[in-house]
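*Asks:* 3D, please:
(2 chains)
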Amino acid sequence: MAGVREIKRRIQSVKNISKVTRALEAVSASKARRAQQRAERSRAYAQAAWEILVNLSGQPGTSDHPLLANPTETRQVDIVLITSDRGLAGSYNLNIIRRAEEFAAQMDVPVRWVTIGRKGRDYLLRRRYNVVAEFTQLSDEMRLRDLAPIGELLVSDFLGGVSQEIFIAYTDFINTLTQRPAVMELLPLSPYSEDRVGSEFIKKEPPQTIINREYVYEPSANAILDEIVPRFVTLNLYQAALEARASEHAARMVAMRNASDNAGVLVEGLTLEYNKARQLAITSEILDIVGGVEALKGQEAPSQNNGRIRLT
Amino acid sequence: MLGNVVDVAFPEGAELPDLYHAIRAPRPNGDDLILEVELHMDNGEVRCVAMDSTEGVRRGDVAYGTGDYIRVPVGDASLGRIFNVLGRPIDGRPLEENVERYPIHRKAPPYEDQATATEVFETGLKVIDLIAPFAKGGKMGVFGGAGVGKTVTIMELIDSIAREHSGLSVFAGVGERTREGTQLYQEMEEGGVLKSLAMVFGQMNEPPGVRLRVALSGLAMAEYFRDQGKDVLMFIDNIFRFSLAGSEVSALLGRMPSAVGYQPTLADEMGQLQERITSTRKGSITSMQAVYVPADDYSDPAPVAVFTHLDGTIALERSLAAQALFPAVDPLSSTSKVLDPLIVGDEHYRTANEVKNVLQRYRELQDIIAILGVDELSEDDKLVVARARKVQRFLTQPMKVASQFTGIEGKYVRIGDTVRGFRMILDGELDHVAESHFYMKGPIEDAIASYEKAQAEN
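*Replies:* Just a heads-up that it's a prediction; the model follows:
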């Protein structure tokens, strides 16, 4: 059995850890609530924008728009990986990284990575993946314009013919207890066909209300698309970042709650062990003293035969 | 007469028998009860401890001093036989006439004759060979609480060593179960090594006097071979019972108990015994002793008294046994004096230390893993944890004497193979192999083969 002092030291260190986890749990809880609200509020807008885009791209004469057309040949793909900057979020980062990594492994062309968040960057760099751009320290109060540089970078790469497809890997916020790692095709903005490799990773888009009516666009549908699609790319990024952020805080909150619980269990077990060790020490000391007293008191030898102690 | 302590009165003027001399007290049915003198009292009385149960002897019976210590048969006559503490065969066969006998009380070899251990003695058990290698002519203790595998470990060592080294060995069963003695006898017989083994038993059903002296009886036999210039193996299971018997006798003799209720002479008695188990320039005694640790408390005076005498300790740990990691040797608290680069070589020394470091780091991280989960560790720490778990599993080994429980044949692993295997894990050559492939394997090739087999099946 470990020494009493040793156990005490461990209890103290576990208690200190649990203080940290408890505090972080409380902080994450409030952050999660706010991030969740932001993500949910923005969802309606993203959804509406998506519908506009789908309807727009259904118009005659738009299918050859460079940002909508499926590539004839894919030579390189980009994957945007959204993770957190900080740890202590349970398996949040690991799940999405793994998902993205598995997806990338399905690609039979070179993959370039763009990372948002430190954890993903560190992981990819450690494994010597090709990371071409990294963005960190995105605030909780992020705005659409904060994501604009990333969107512009991706669109220009895409239009410049550097990469033929761009995916985004992030974590979808379902509720506080569930967050789902997801991969979505960012560009081209056409549905990812189900018979392609890696399609099982691609998040299914919600069904749209298709309006079977022909609109007249001024000056032309393509002119509007030129304007709207890059914005939409950024919007998609923004929405993904919001979802990821809400997921991150929720995941951290849950992870910290579990950690606090685990610490509690550990402290409980250690306290029991501590009390046992303490009691054992006390008991054996008492036994020693009592035994000594009894031995000194007795005039009769404890021999079972007749004798008395006679010291020679 | 009841009880294990007998007072014998000698007529006035008669010479009293010396301390530790034997006294013979005939029973009505003809056989003798042997007593050993422990204490001289005034008025011509001596206080003795009985070497058998005292039934049949009555108060006032006549007893005779033999003028000598208890003597046990030694040499070739002792090989292949089983004796009790008095040197009487208990395997049902008669003893030859005029065998050579040694007294069980002898002096330890003087300083100038003692030899120090500098040679490694292969045991075939990976964890022992790597972390706490045995020294030829050295003394090793196998420590452990109740039911963590002391006896199994000792039995395995006897089995592999007796087989691989084909030397002479002596087994002293002190206060343990008789059944284990029978099992050992049968296994040795099957293995064909009975002819080089002498066994002495004084098991838990026998009076304290027997358990106090039976180790000495076995030792006398080993000493004889050593003095003949041979290399002997001496196994004692379990040396703690010797201390316990000493405590019982001490209480019966009316001595005041000391710390934790043990006899005040605990360290002295142990010293008397242990100092004799030593190698001389003529021959060597390599000994392995099982030491029971009461309540898993390594600070208990009885195991502590043994610690200091040993060249190395093999600590069995309950938490490992609970995870089915057998043999449950704790690498972090097992040590050996021969784990020295000058004796085992740099490679072995370095590997052993790295194994300990990795396991130590894993232990330190365990609290964090328990609280935050393994995902929160840094990449480096994750690697350490993964390797530590592999090392931990590779330290297990199927044992021959346990094959009826595990269903796996026992494996004997050469020291070179052991070191190489751990080297490969530590160097990251096997990072791709899942940890389960390392569990209960012999040399590293077995683990790799298991991995490749699993790969082929997928």
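
*Asks:* I figured B:A135 hits B:T123, correct?
*Replies:* No - counting by Cβ atoms under 8 Å, B:A135 does not reach B:T123; the two are 11.1 Å apart. No exception for glycine: its C-beta is placed from N, CA and C like everyone else's.

*Asks:* quick check: the residue of the stretch 51-200 of chain B nearest chain A.
*Replies:* With distances taken as Cβ to the nearest Cβ, the stretch 51-200 of chain B approaches chain A most closely at B:R59, which sits 8.3 Å away.

*Asks:* count the neighbours of that residue for me.
*Replies:* B:R59: 9 surrounding residues under other Cβ atoms under 10 Å in any protein chain shown.

*Asks:* now it: phi and psi?
*Replies:* Its backbone dihedrals place B:R59 at phi -60, psi 130, with angles given as degrees, to the nearest 10.

*Asks:* which residues touch the closest residue to chain B within the stretch 101-250 of chain A?
*Replies:* When distances are taken as Cβ to the nearest Cβ, the stretch 101-250 of chain A reaches nearest to chain B at A:R126, 6.0 Å away. Taking Cβ atoms under 8 Å, 6 or more residues apart in numbering or on different chains as the criterion, A:R126 is in contact with B:E379.

*Asks:* contact partners for the residue of the stretch 51-200 of chain B closest to chain A?
*Replies:* The neighbours of B:R59, taking Cβ under 8 Å, 6+ apart as the test, are B:M1.

*Asks:* any chance you could map the helices in the chain?
*Replies:* In the absence of a named chain, chain A is used. Taking DSSP state H as the criterion, chain A contains helices spanning A:4-57, A:92-106, A:118-126, A:144-159, A:221-297.

*Asks:* let's do chain B instead
*Replies:* So, for chain B - with DSSP H - the helices run B:126-131, B:150-165, B:178-191, B:208-227, B:239-252, B:266-274, B:301-307, B:318-322, B:341-344, B:346-372, B:379-394, B:403-406, B:415-426, B:444-457.

*Asks:* spatially central, which residue of the chain would that be?
*Replies:* You didn't say which chain, so I picked chain A. Nearest to the mean C-alpha position of chain A, by Cα atoms, centre = their mean, lies A:Y92 at 2.3 Å.

*Asks:* sorry, I should have been clearer: chain B.
*Replies:* Nearest residue to the geometric centre of chain B (Cα atoms, centre = their mean): B:Q289, 1.7 Å.

*Asks:* roughly how far does B:Q272 sit from A:K15?
*Replies:* For B:Q272, the distance to A:K15 (Cβ to Cβ, to the nearest Å) stands at 49 Å.

*Asks:* gap between the two ends of stretch B:20-36?
*Replies:* End-to-end distance for stretch B:20-36, by Cα to Cα, to the nearest Å: 5 Å.

*Asks:* list the buried residues in it.
*Replies:* With burial defined by 16 or more other Cβ atoms under 10 Å in any protein chain shown, the residues of stretch B:20-36 counted as buried are B:Y20, B:H21, B:A22, B:I23, B:A25, B:D32, B:L33, B:I34, B:L35, B:E36.

*Asks:* in chain B, which residue sits nearest chain A?
*Replies:* B:G3 (3.6 Å).

*Asks:* picking up where we left off before, return the residues in contact with the residue nearest to the centre of chain B.
*Replies:* The contact partners of B:Q289, by Cβ under 8 Å, 6+ apart, come to B:K139, B:M140, B:G141, B:V142, B:F235, B:I236, B:D237, B:N238, B:I239, B:V306, B:L310.

*Asks:* switch to 6 Å and redo it
*Replies:* B:Q289 sits next to B:G141, B:I236, B:I239 when contact means Cβ atoms under 6 Å, 6 or more residues apart in numbering or on different chains.

*Asks:* you'd agree the second one is up against B:G173?
*Replies:* No - counting by Cβ atoms under 6 Å, no contact exists between B:I236 and B:G173, whose distance comes to 8.3 Å.

*Asks:* and those two? Which one has more around it.
*Replies:* For B:I236 against B:G173, the residue with the higher neighbour count under other Cβ under 10 Å is B:I236, and the figures read 30 against 27.

*Asks:* what's the distance between the closest residue to B:N84 other than its chain neighbours and B:R101?
*Replies:* On the basis of Cβ to Cβ, 6 or more residues apart in numbering or on different chains, the spatially nearest residue to B:N84 that is not a chain neighbour turns out to be B:I90, at 5.2 Å. When distances are taken as Cβ to Cβ, B:I90 and B:R101 turn out to be 17 Å apart.

*Asks:* more neighbours: the two, which one.
*Replies:* The residue with more neighbours, out of B:I90 and B:R101 and counting by other Cβ under 10 Å, is B:R101; that gives 19 against 14.

*Asks:* so what's the more buried one up against?
*Replies:* Residues B:R71, B:P73 are the ones in contact with B:R101 under the rule Cβ under 6 Å, 6+ apart.

*Asks:* in the stretch 151-300 of chain B, where is pLDDT below threshold?
*Replies:* The model of the stretch 151-300 of chain B has pLDDT under 70 over residues B:166.

*Asks:* enumerate the residues of it near chain A.
*Replies:* Contact residues of the stretch 151-300 of chain B with respect to chain A, defined by Cβ under 6 Å from any Cβ of the partner chain, are listed as B:G254, B:M256, B:P257, B:V260, B:G261, B:D297.

*Asks:* will you turn the residues you listed into CSV that also has distance to B:G44?
*Replies:* Supplementary listing: these in CSV, determined by distance: Cβ to Cβ, whole Å:
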residue, distance to B:G44
B:G254, 18
B:M256, 25
B:P257, 28
B:V260, 36
B:G261, 32
B:D297, 44
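
*Asks:* just the buried ones out of the residues you listed, please.
*Replies:* Among these, those classed as buried by neighbour count (16+ other Cβ under 10 Å) are B:G254, B:M256, B:P257, B:V260, B:D297.

*Asks:* so what's the residue count around the residue lying closest to A:S18 once chain neighbours are set aside?
*Replies:* Closest residue in space to A:S18, ignoring its immediate chain neighbours: A:A263 at 3.4 Å, by Cβ to Cβ, 6+ apart. Other residues lying near A:A263 total 23 when counted by other Cβ under 10 Å.

*Asks:* got a list of what A:A263 touches?
*Replies:* So, once contact is read as Cβ under 6 Å, 6+ apart, A:A263 ends up touching A:V14, A:I17, A:S18, B:I371.

*Asks:* quick one: the third one from A:R257, how far?
*Replies:* From A:S18 across to A:R257, the span is 11 Å (Cβ to Cβ).

*Asks:* same drill for those two, tell me which one is more crowded.
*Replies:* The residue with more neighbours, out of A:S18 and A:R257, is A:S18; 21 against 18, by other Cβ under 10 Å.
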